[in-house]
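K.L.:
Generate a structure from the sequence data that follows.
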Amino acid sequence: MSVAEEGTSYFLDTSALVKLYHHELGSEIVEAWVANQAVQIWLSELARVELHSVFVRKVREGELTEAILQAVLECFREDLHSRFQVVPLTDDIVERAISLLLSQAKNYPLRTLDALHIASAQAVEKSGLAFVTADKKLFTAASGLFSRIIDPEAKVGLGP
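P.N.:
The predicted model follows:
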């Protein structure tokens, strides 16, 4: 799983995206995908807001300094323009998310923002797209919805 096949596409939720900017379990695998120019990396526009929230919280909790926060956010802004494909939050995606909540949340712990990530990934799903999340509840909720789903922390996935 650490070597991506040419033409592979990965949709990263925020829990996977954070690993690119903060070293933690699973960071190496996400870094390898992003470094491979033959790989497409997709994000929901939602991840832009969530990533800021995660790193501001790390400053508030004393885990990061303000200077590191600014460096991380600058790097992220550059990557947004040069490396990532961003799925805008459209009315269609919001409607898909609502539909997911109505059909899936009765059986799975599917939360609002998770439904928006799944709906965003479904909007671009194509052959070879892998949905990537380190969030255990989202992994469970999404496992029946994608042919490939990967948890970079566990280095395990479902599907080919």
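K.L.:
Low-confidence bits of the protein, can you list those?
P.N.:
For the chain, the stretches with pLDDT under 70 are 1-7, 125-127, 155-160.
K.L.:
residues touching Arg111, list them.
P.N.:
Applying C-beta atoms under 8 Å, 6 or more residues apart in numbering, we find Arg111 in contact with 137-138. Placement of C-beta: from N, CA and C, glycine included.
K.L.:
just how off-centre is stretch 26-36 within its chain?
P.N.:
13 Å (C-alpha atoms, centre = their mean, to the nearest Å).
K.L.:
repeat for stretch 12-19
P.N.:
The answer for stretch 12-19 is 4 Å, by C-alpha atoms, centre = their mean.
K.L.:
For that stretch, what is the spacing between the initial and final residues?
P.N.:
End-to-end distance of stretch 12-19 (C-alpha to C-alpha, to the nearest Å): 10 Å.
K.L.:
got the residue ranges for the strands in the chain?
P.N.:
9-12, 40-44, 84-87, 129-132, 149-151, 156-158 (DSSP state E).
K.L.:
so which of those gets nearest Pro109?
P.N.:
Counting by C-beta to C-beta, Pro109 lies closest to strand 149-151 out of the strands of the chain; the figure is 15.4 Å.
K.L.:
Report the strands that pair with that closest one, each with its relative direction.
P.N.:
Sheet pairing of strand 149-151 (DSSP bridges) gives strand 129-132 (parallel), strand 156-158 (antiparallel).
K.L.:
in stretch 94-104, what counts as buried?
P.N.:
96-97, 100-101, 104 (16 or more other C-beta atoms under 10 Å).
K.L.:
Great, nothing more from me.
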